[in-house]
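Asks: Structure, please.
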Amino acid sequence: QLQFVESGGGLVQPGGSLRLSCATSGFTLADYHIGWFRQAPGKNYENVACASKSNGRTKYTQAVKGRFTISRANAKNTVYLQMDSLKPEDTAVYYCATCYWESLGPASSWGPGTQVTVSS
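Replies: Now for the predicted structure:
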């Protein structure tokens, strides 16, 4: 059973940075594309980023390109999302799950999420 536990969220001022972590278990992380997703209050979820299971490639939704960086540490069963130059519109609950490379969409259920609030 694929399991995910997200952490690292919090309150940050616009322009600030946060680093999210996702601890995975129940599967071999190296065998899967892995991604981050977010859901803002009253909105549908949004694909954020996807990291390929091979060749180190990454993809991002246009809204976060150049500001967010997804990375993976397969030996630690952990995935990261470095978020820089944060904007109020980045406020959301962030989740990780496996992802489809072509669409960046979720390929599995996700964990409880971690809240990110960008506000002055």
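Asks: Nearest residue to the residue of the chain most remote from its centre in space, please, no chain neighbours.
Replies: The centre of the chain is farthest from one residue, Ser120, which by CA atoms, centre = their mean lies 23.0 Å away. Among residues not flanking Ser120 along the chain, Gln13 sits closest, at 5.3 Å (CB to CB, 6 or more residues apart in numbering). Using the backbone N, CA and C atoms, a C-beta is placed for each residue, glycine as well.
Asks: So what does that neighbour have for phi and psi?
Replies: phi -80, psi 150 (degrees, to the nearest 10).
Asks: was I right about Ala51 contacting Tyr32?
Replies: No. In this structure, Ala51 is not within contact of Tyr32 by CB atoms under 8 Å, at 9.5 Å.
Asks: Between the two, point out the one with more neighbours.
Replies: Just comparing Ala51 and Tyr32: by other CB atoms under 10 Å the higher neighbour count belongs to Ala51, 23 against 20.
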